[in-house]
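1. With the sequence up front, the predicted model follows.
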Amino acid sequence: MTTFNYKGEPIIPTRGMEDALTKIISAVEVDYRGIGFHSLTRFGKSTLAQFICANTEWTECKYVAKQANLRVLGPGESAFLDWFISQLGSQVISHQAADRKIERIVNTVDLMLRSAGGGSLFFIADDANLLEQAAFQHFITIDNALEKKGISLFVIFLFQDNHTSSRREEINRTTVTPQVRGRFLTRYHRLHGIRGALDVETFLERFEDEVEASAGAGVTLPRSLAPELYDGEFRLRHFSEQIWNAGCSCRAAAGHSSQDEWPLKAMRLIAYYLATRVICKIGFKEVTSSDIEMSVAFSDLAAFDGESGALTFTADGGING
């Protein structure tokens, strides 16, 4: 079954995403109340969150998921509770006491779970690096209140490494209290991007053989564009090694490491380019080295720099960085 995001776009699970889902299952099984993941930008944190919200078949745990839109909240409890209420889809009431706000949260979650037949709330805090240290403590307050009602809360914290323009800022050095760490962040993992030719091959295999182009299409994008080609043995995934090597060479030529991980966005664009600009051309015979190099250039893989948010303007008025 293909999973689609809120825009109606198909989600292609990567091996890194699958690894993250397995770690979530393990953390739930041993009764942790949360887990943390960190990665560079465009590595698929939001895609992972959208997948968890849209597809519940990857785990036997019955849950309802909410993806939270984080902003700088400050350390105050009242502002945090208002934010939490709004992320559940409820209207914030001005000048309401903290106890009443917590009561509203419990009642709202209880109703959500009863309506959906779920037993747990998976609350996904994307860009969790924006949370103040004190804000983590407020999750404990909510968790305690839900637990008294027999409701399970599981918080998935998604941190972005190097989230300011300062190079090599490490959000995984965030300091929280032992209580917060023990309950939510004992398990803290890296969310991987595209790590090598095997990851490229797995992505392309799902792109051309498994994931529908759109809801109800019943066919993948490459197969819809070149159906006769796919009646034979041709598969884009057969070029995975060449794509990986071309990407690494492109990264090295741009001054980056030739063996670092690629962002998920770049992999999606490479696959899209090959499907929509190459294999569907009239008279197409084979994928050439030039085609692969053009797909890598189209993806802006060379411009990706997860260590810095600095922008360098080029002579033609474009932006690198």
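-> The structure has been received and is ready for your questions.

2. Strands along the stretch 1-150 of the chain, start to end?
-> For the stretch 1-150 of the chain, the strands defined by DSSP state E, counting those that start in this stretch cover 3-4, 10-11, 34-39, 63-68, 120-126.

3. Show me the domain layout of this structure.
-> According to automatic domain parsing, the chain comprises the domains 3-190, 197-303.

4. And the last one, how far out from the chain middle?
-> From the chain centre to the centre of domain 197-303 is a distance of 20 Å (CA atoms, centre = their mean, to the nearest Å).

5. Could you tell me the average pLDDT over that domain, please?
-> When pLDDT is averaged along domain 197-303, the result is 96.

6. for the first one, same thing?
-> The predicted model gives domain 3-190 an average pLDDT of 90.

7. And the longest helix anywhere in the chain, what does it pack against?
-> Taking DSSP state H as the criterion, the chain has its longest helix at helix 98-116. Judged by 3 or more CB pairs under 8 Å, 6 or more residues apart in numbering; DSSP states H and E, helix 98-116 is in contact with strand 63-68, helix 77-87, strand 120-126, helix 133-148. Every residue, glycine included, has its C-beta placed from N, CA and C.

8. rewinding a little: which stretch among the strands of the stretch 1-150 of the chain comes nearest residue 283?
-> Comparing the strands of the stretch 1-150 of the chain against residue 283 with CB to CB, the closest turns out to be strand 10-11 (28.5 Å).

9. helices or strands up against the closest one?
-> So strand 10-11, by 3+ CB pairs under 8 Å, 6+ apart, packs with strand 3-4, helix 45-54.

10. Could you identify which of the ones you listed is most buried?
-> helix 45-54 (a mean of 21; mean count of other CB atoms under 10 Å).

11. Any idea how far it is from the middle of the chain?
-> 6 Å.

12. do the same with stretch 108-127
-> 19 Å.

13. Now the terminal residues of that stretch, how far apart.
-> This stretch, stretch 108-127, spans 24 Å end to end (CA to CA, to the nearest Å).

14. If we go by neighbour counts, what in it is buried?
-> Residues of stretch 108-127 classed as buried by neighbour count (16 or more other CB atoms under 10 Å): 108-109, 112-113, 118, 120-127.

15. Could you do stretch 260-274 as well?
-> In stretch 260-274, counting by 16+ other CB under 10 Å, buried: 261-274.

16. C-alpha coordinates for it, CSV please?
-> Output in CSV follows, covering the C-alpha atoms of stretch 260-274 (Å, rounded to 0.1, in the frame of the first residue of the first chain):
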residue,chain,number,x,y,z
ASP,A,260,29.1,11.5,3.2
GLU,A,261,25.3,10.8,3.3
TRP,A,262,22.9,12.4,0.8
PRO,A,263,19.7,14.2,1.7
LEU,A,264,16.5,12.4,0.8
LYS,A,265,15.4,15.4,-1.3
ALA,A,266,18.3,15.0,-3.6
MET,A,267,17.6,11.3,-4.1
ARG,A,268,13.9,12.1,-4.9
LEU,A,269,15.0,14.7,-7.5
ILE,A,270,17.5,12.3,-9.2
ALA,A,271,14.8,9.6,-9.5
TYR,A,272,12.2,12.2,-10.8
TYR,A,273,14.6,13.5,-13.4
LEU,A,274,15.5,10.1,-14.8
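
17. Can you tell me the closest non-neighbouring residue to residue 154?
-> With sequence-adjacent residues excluded and distances taken as CB to CB, 6 or more residues apart in numbering, residue 154 is closest to residue 122, at 5.2 Å.

18. what's the spacing between the one you found and residue 181?
-> 20 Å (CB to CB, to the nearest Å).

19. Also residue 205?
-> 38 Å.

20. about what we covered before: so can I have TSV of the strands of the stretch 1-150 of the chain showing distance to residue 95?
-> Formatted as TSV, the strands of the stretch 1-150 of the chain follow (distance: least, CB to CB, whole Å):
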stretch	distance to residue 95
strand 3-4	40
strand 10-11	41
strand 34-39	31
strand 63-68	23
strand 120-126	25
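
21. Which one of these lies nearest to residue 302?
-> Using CB to CB, the strands of the stretch 1-150 of the chain put strand 34-39 closest to residue 302, at 19.6 Å.

22. what helices or strands is the closest one leaning on?
-> helix 15-29, helix 45-54, strand 152-160, helix 178-184, strand 188-190.

23. most remote residue from this protein's center?
-> Most distant from the centre of the chain: residue 283, at 37.7 Å, with distances by CA atoms, centre = their mean.

24. Quick check: that residue vs residue 93, distance?
-> Distance of residue 283 to residue 93, computed by CB to CB: 65 Å.
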